[in-house]
Each structure stands twice: as structure tokens, then as C-alpha cells.
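Asker: Whatever this is, show me its structure:
(one chain, ligands or ions: 1)
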Amino acid sequence: MHQSELDFTNNLRQASPYIAKHRNKTIVIYLPGDLIFNSDALQQLAKDIVLLNNLGLKVVLTLGASFQINQAFEALNIPWQTQNDTRITTLEHLEVFQKTIGVVRAQVEAAFSKASAEQNIHLTIVSGNWVIAQPKGIINGIDFQHTGILRKINNQAIENTLNAGQVALLTPLAYSLTGEVFNLNTLEQAFAIATKLDADKLLIFTDQATLKDLPQALSRKDVKNHLESSQNNSQKRLLKLATEANEHIRRIHLMSQDNPSAMLLELFSRDGHGTLIYNDRYHDLRPAQSDDVAGIINLITPLEQEGILTKRSRETLELEIHNFLVIEIDQKIIGCAALYPIDNQNAELACLAVDKAYQGLALGEELLNAIQKKALDRNVSTLYLLTTHTHHWFIEHGFIESTPSQLPESRQSFYNNQRQSKVLLKKL
Ligand SMILES: CC(C)(COP(=O)(O)OP(=O)(O)OC[C@H]1O[C@@H](n2cnc3c(N)ncnc32)[C@H](O)[C@@H]1OP(=O)(O)O)[C@@H](O)C(=O)NCCC(=O)NCCS
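Answerer: The predicted model follows:
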């Protein structure tokens with residue numbers, strides 16, 4: 001088999017659990033205007049969204065159009081004003097808005113028609129007056145006129161559209177109950193809709209400057225810290241929205257608009273892509289199962305290579321998997337720990353590890369507590385562990401230093417003199 005064929009089959013196999021996991025889940029995707037303006041990127045993205053729909057995901061698209069609207073104003077020589085990063089929309093602007101957004105919508109619909117024809121299915125993309133707007137109002141003496149804010153969302157109507165297998169499309173235009181037209185911030189709409197629909201994920205494409213210095217994963221607590229230190233206005237705005245919404249939205253994925261394929265990597269590969277803002281209430285600490293072996297290997301291999309953990313073969317892990325607990329976030333194993341019985345009263349804690357991107361969130365402590373509880377449930381009175389690098393952490397968690405000669409006899413013969421690990425113990 002050629003390498004490319006091997007890669008293809010392996011990748012398809014790796015994607016399989018994610019395909020199963022995402023089926024029937026609702027995702028909201030925010031596309032900024034400048035991404036839509038790039039016709040190649042738009043076409044690529046349309047293909048990928050048709051694929052998502054084909055795989056059973058329910059997709060809501062929210063379109064930004066600031067880039068196109070700025071271009072239209074410049075071409076017509078129409079000045080505009082912003083206040084606190086929000087555009088003031090006058091009656092004169094409104095006409096340009098409606099025309100420009102009509103064009104953007106047509107471009108998106110055309111890209112979808114082509115993409116679905118190429119994949120031999122007929123996917124319909126539907127938009128409607130699902131969002132009820134109200135005026136943003138007069139703030140500090142400044143009248144925002146036709147700039148609106150979201151008043152209500154008819155989520156049932158959006159759900160009906162999704163359940164009919166269609167993609168729901170929202171633009172910055174929304175209407176008030178008095179029949180007036182308003183310009184709404186679509187990024188804010190995307191957060192509100194994801195919340196209201198109880199979406200599984202909110203995927204946001206944004207520029208490199210907004211993503212700068214953001215790590216691979218951020219918990220709610222990290223988002224607040226980054227928000228305080230961020231120097232970039234658009235990053236601040238995004239993180240602020242994420243802090244407010246993160247209680248309700250399980251996962252917010254930030255992806256570079258320079259790489260529209262990031263969306264498929266984020267959804268269907270183990271390592272994902274971009275920055276994940278996760279709601280730490282949703283991580284799952286549970287006994288490991290045999291299909292977690294690959295995830296555990298992924299997590300501990302770098303630590304084995306650094307000599308922090310002793311090497312365990314795949315076969316050993318498969319045989320000993322019932323000793324392990326794991327933490328899973330977003331279908332990824334990000335923590336593990338094992339409890340090995342020594343005799344009736346003694347057991348050993350081993351292989352405690354937390355993925356670097358998630359360290360410092362007390363997940364290590366949570367795993368340790370769960371191992372201690374498991375040991376207590378089995379009437380273990382002393383918990384031992386051997387460590388070369390981490391004894392301070394364990395001492396801070398109630399362990400005391402011991403010596404190899406104090407290990408239970410049956411364990412002493414396995415002590416590896418070359419590693420010279422420190423022996424610690426904790427009376428439970
Ligand atoms: C040790 C480990 C499991 C802790 O996981 P965690 O989820 O980050 O732990 P917590 O959030 O509960 O604790 C984080 C604190 O431990 C500290 N810490 C991490 N590793 C440490 C070490 N080797 N020595 C001393 N302190 C350490 C961090 O600096 C942090 O301190 P702070 O709260 O004052 O900022 C994780 O760092 C890890 O996986 N390390 C590599 C594997 C390893 O050493 N395993 C033990 C082998 S037996």
C-alpha cells in the first residue's frame with residue numbers, strides 16, 4: 001500500500017469515534033466577512049459544511065459582513081462612525097447594508113449549491129426572520145439609530161429547519177416587532193444562538209492577531225486571566241463574550257480564518273486545531289476502558305521519553321487498563337492515574353499524568369483524590385508511590401518520604417535501582 005493510502009485509511013479510522021460522537025449534534029459556526037470575501041476559502045468551507053451535514057451534524061451559520069460593508073461605504077464615499085467598537089447605523093447606511101448583505105448571502109448560497117452538487121446531494125440553506133431585534137438605543141447621548149441588539153430568538157423555528165436536514169443561515173440583518181430593519185453584531189448573535197439552541201459547539205473563525213498568544217486549551221478561569229492581560233481589542237471582545245457564555249456553551253473553538261480546513265481537524269482529529277475554550281464542568285473522570293489505551297499512550301509517551309514515567313508497552317497497558325482512571329475532555333484523554341494493588345492493605349499509585357495544556361487546573365489533584373477513594377473502597381490503608389521528578393507535588397498533597405526498604409516485601413524485588421526513584425507513602 002502507498003503511504004498516501006495508508007494515511008487515508010488511518011485517518012478515516014481515527015475519525016470514526018468523532019463521527020459517531022458528533023452525529024445529531026448542533027454546531028454554530030461564525031464566518032467573518034473577510035473569510036467569505038476569499039472565494040476559494042468560501043468554496044472550501046462550503047464543501048466541508050456539506051460534509052458535516054452529510055455526517056449528520058446540524059449546522060447553523062452566522063455570517064459577518066463588516067469587511068464588505070466597509071468596502072461598500074468606501075466605494076460610495078459614505079462616512080460612518082463607531083462608538084466603543086460598535087458601528088452607528090443611520091437610515092442612509094441601512095440601504096447599503098441591505099444590498100451588501102444580499103450580495104454576501106447570494107455568494108454563500110451559490111458556494112453551497114456548487115459544493116452540494118459536487119457531493120451529489122441536495123443541501124438547502126435556509127434563512128429567515130428568526131431573530132427579533134430592538135434598537136441598541138441612546139447611550140451616553142449617542143443614538144445608535146439602526147444598530148440593534150437581539151431581543152428574542154425563535155429557536156423552535158431554527159430547530160425545525162435543522163431537523164429537516166437544512167443548514168440555517170443568519171446574517172447581521174434582523175427586524176423589530178414594529179417592522180424596522182436593524183444591523184446586529186453577528187458574533188454576538190452567534191454566541192446568543194449557540195446558548196439558546198444549547199449547541200454542542202460554537203466554532204469561530206477569526207484572524208491571527210485575535211488568536212495571538214492563546215494556548216491550545218483554555219478553561220473558564222484561564223479565559224478570565226487572559227482577558228485581564230490581553231492588549232488586543234478584538235481578542236478582548238471575543239474572550240469577554242466567551243466568559244459570559246461559557247456557563248452555557250460546552251465548547252467554543254477559535255480557529256484561524258487563514259486555514260478553513262482547521263474546522264475538520266478540530267472536529268475529527270485527536271489533537272484538534274486552534275484554541276478550545278472548554279467549560280471545565282464538563283470534563284469526565286471515569287474508569288478507563290480498553291479503547292482508552294491509545295489516548296493514554298498519547299498522553300504518557302512524552303513523559304516516558306523524558307524519564308518522568310516508567311515505560312509501559314501497549315500490551316502492558318491493555319492488560320492493566322482496569323487499574324486506570326482517566327479524564328476525558330472533548331473526546332480526548334487529558335489525564336490518567338493508576339492504582340496497583342500490592343497486597344490486602346497496600347497499593348501503589350502510578351502513572352499520574354495531566355496533559356500540559358490542562359495542567360494547573362487541579363485535575364492532578366482530582367485524579368489523586370479519585371485514586372485515594374478507590375484505594376479506600378478496597379480497604380487499602382497505605383498508598384505508596386515511586387517518583388523521580390514530582391516528589392514535592394506529592395508531599396504537598398500529604399505524602400511523606402520513605403525508603404525502598406520500607407516498601408512491602410513483595411514490591412521491593414521490583415524496585416529499579418537504576419532509576420533511584422524516591423519512595424513516598426500516605427496513610428489513608
Ligand atoms: C504532577 C501533575 C500530575 C500535576 O497535575 P496538575 O493538574 O497540573 O496539578 P494541580 O493543578 O493539582 O497542581 C498544580 C500545581 O503543582 C505544581 N507542580 C507541577 N509539577 C510539579 C512538580 N514536579 N513539583 C512540584 N510542584 C509541581 C504546579 O507548579 C502547580 O503549582 P501552583 O498551584 O502553585 O501553581 C502534572 O504536573 C503532570 O502530569 N506532571 C508530569 C507527570 C508526573 O510528574 N507525574 C507524576 C509521576 S508519579
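
Asker: Around the ligand, pick out the residues from this structure.
Answerer: For the chain, the contact set with the ligand under C-beta under 6 Å from any ligand atom comprises 303, 308-309, 352-354, 359-365, 385, 387, 389-390, 392-393. In this view, the C-beta of every residue, glycine as well, is placed from N, C-alpha and C.

Asker: which ones among those residues are found in helices?
Answerer: Those of the residues of the chain next to the ligand mapping onto helices are 303, 363-365, 392-393, per DSSP state H.

Asker: List just the nearest of these to residue 141.
Answerer: residue 363 (49.1 Å; C-beta to C-beta).

Asker: on that earlier part again, weed out the non-buried ones from the ones in helices among the residues of the chain next to the ligand.
Answerer: In terms of neighbour count (16 or more other C-beta atoms under 10 Å), the buried residues within these are 303, 363-364.

Asker: Just the closest of the residues you listed to the ligand, please.
Answerer: Nearest to the ligand among these: residue 364, at 2.3 Å, using C-beta to the nearest ligand atom.

Asker: With adjacent residues omitted, what lies nearest to the closest one?
Answerer: residue 354 (4.9 Å; C-beta to C-beta, 6 or more residues apart in numbering).

Asker: Show me what the helix or strand that residue 255 is a member of is packed up against.
Answerer: If you go by DSSP states H and E, residue 255 is part of strand 251-256. Contacts defined by 3 or more C-beta pairs under 8 Å, 6 or more residues apart in numbering; DSSP states H and E place strand 251-256 against strand 201-206, helix 208-211, helix 233-245, helix 262-268, strand 275-278.

Asker: In JSON lines, list these along with mean pLDDT.
Answerer: Output for the helices and strands packed on strand 251-256, formatted as JSON lines (pLDDT from 0 to 100):
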{"stretch": "strand 201-206", "mean pLDDT": "95"}
{"stretch": "helix 208-211", "mean pLDDT": "92"}
{"stretch": "helix 233-245", "mean pLDDT": "89"}
{"stretch": "helix 262-268", "mean pLDDT": "89"}
{"stretch": "strand 275-278", "mean pLDDT": "85"}
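
Asker: I'd guessed residue 304 sits against residue 317; true?
Answerer: No: using C-beta atoms under 8 Å, residue 304 is not in contact with residue 317; the gap is 11.4 Å.

Asker: Of those two, give the one with the bigger neighbour count.
Answerer: residue 317 (22 against 15; other C-beta atoms under 10 Å).

Asker: contacting residues for the more buried one?
Answerer: Listed by C-beta atoms under 8 Å, 6 or more residues apart in numbering, the contact set of residue 317 reads 293, 296-297, 324.

Asker: looking at this, it is in a helix?
Answerer: Yes: applying DSSP: H, G, I helix; E, B strand; the rest coil, one finds residue 317 inside a helix.
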